[in-house]
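Colleague: what's the 3D shape of this:
(chains A and B)
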Protein chains: 2
Amino acid sequence: MYVILVYDAGIKRDPKILKTCRQYLNWVQNSVFEGEITEGKLRQLTQRLRDIVNPAEDYILIYTIPTPRYASRMALGTPKVSEGDIL
Amino acid sequence: MYVILVYDAGIKRDPKILKTCRQYLNWVQNSVFEGEITEGKLRQLTQRLRDIVNPAEDYILIYTIPTPRYASRMALGTPKVSEGDIL
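Modeller: Purely as a prediction, here's the structure:
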């Protein structure tokens, strides 16, 4: 399945969330990850995130789509993913 | 079609982008909008965003899916959409 994961508000605040997401997905924008992932790996990722997330401060949306063929992506502007800034 | 739109980095910086997106989509998270939209309306939205976006500073990703039945959404944490904060 294909996953689009959006993490709200300052990954800089919690590099653990960023690092965990990057182990499973591609980082496409400061707060957006996407990628092909098995159901088992997604369960694992979700569980790991649940352990990290501060429910009062963090908010993560995970969209799952059966196959990337169902989704298309368009971008406006310039991506800001910069590992140097964050890791 | 169904759209998931992610706006990177500080909607507070440009309320025009927020306002424009909200005319077409539902605001589900600080930087995330989604909703059912016609192809024509999506073209209109994209054109309006192109006129507003500062290519050097802003980055918007627009995912389109033929129907919301193809996507499912899971949330971790607490949503932070708060009109009072921003508008």
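Colleague: could you point out which element follows the strand or helix carrying A:Thr64?
Modeller: Assessed by DSSP states H and E, A:Thr64 sits inside strand A:59-65. Remark: after strand A:59-65, the chain's next helix or strand is strand A:72-77, criterion DSSP H and E.
Colleague: does that next one come close to chain B?
Modeller: Yes. Strand A:72-77 reaches chain B (C-beta under 8 Å from any C-beta of the partner chain) through A:Ser72, A:Arg73, A:Met74, A:Ala75, A:Leu76, A:Gly77. Backbone N, C-alpha and C define where each C-beta goes, glycine included.
Colleague: before we move on, what about stretch A:49-60?
Modeller: Yes. Remark: stretch A:49-60 sits within contact range of chain B at A:Leu49, A:Arg50, A:Val53, A:Asn54, A:Pro55, A:Ala56, A:Glu57, A:Asp58, A:Tyr59, A:Ile60, by C-beta under 8 Å from any C-beta.
Colleague: Buried subset of the residues of strand A:72-77 next to chain B, written for PyMOL?
Modeller: Typed into PyMOL, the next command selects the buried ones out of these (criterion: 16 or more other C-beta atoms under 10 Å in any protein chain shown):
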select buried, chain A and resi 76+77
